[in-house]
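*Asks:* show me how the following folds:
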Amino acid sequence: MPPSVAASATAAVRHLKRSGAERERHRHMARLVKHVLRATGLPVMDNPSHIVPVFVGDAQKCRT
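*Replies:* Here you go, the predicted model:
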């Protein structure tokens, strides 16, 4: 790994350890995506995570 990439990654990790703004923005966007998907009628499974699981219900549809 080039030193500049390692230094950038280290700086990013240090910043994220001190700042909660990015994490809160990410949570907000996940909630917004869940809300929009539900508003369009898609069956979004409830969970406290930033992961947005959408229930498809048909294994064939999941493969295409």
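
*Asks:* what sits closest to N47 if chain neighbours are left out?
*Replies:* Nearest residue to N47, sequence neighbours excluded (Cβ to Cβ, 6 or more residues apart in numbering): P53, at 6.5 Å. (Glycine included, C-beta is placed from N, CA and C.)

*Asks:* burial check on the one you found, number of neighbours?
*Replies:* By other Cβ atoms under 10 Å, 12 other residues sit near P53.

*Asks:* could we number from 57 for the rest of this?
*Replies:* Got it, first residue is 57 now, which makes that one P109.

*Asks:* is it true that it touches L98?
*Replies:* No. Taking Cβ atoms under 8 Å as the definition, P109 is not a contact partner of L98, at 10.7 Å.

*Asks:* still on that earlier bit, where's the residue nearest to N103 relative to M101, distance?
*Replies:* From P109 across to M101, the span is 4 Å (Cβ to Cβ, to the nearest Å).

*Asks:* please apply the same query to T66.
*Replies:* From T66 across to M101, the span is 36 Å (Cβ to Cβ).

*Asks:* same check, this time on P59
*Replies:* 43 Å.

*Asks:* for R94, same thing?
*Replies:* On the measure of Cβ to Cβ, R94 and M101 end up 10 Å apart.

*Asks:* what does G113 give?
*Replies:* Look at G113 and M101: by Cβ to Cβ, they are 11 Å apart.

*Asks:* show me what the longest helix along the chain is in contact with.
*Replies:* When the chain is parsed with DSSP state H, its longest helix is helix 77-95. Here helix 77-95 makes contact (Cβ atoms under 8 Å, 6 or more residues apart in numbering) with 72, 100, 105-108, 110.
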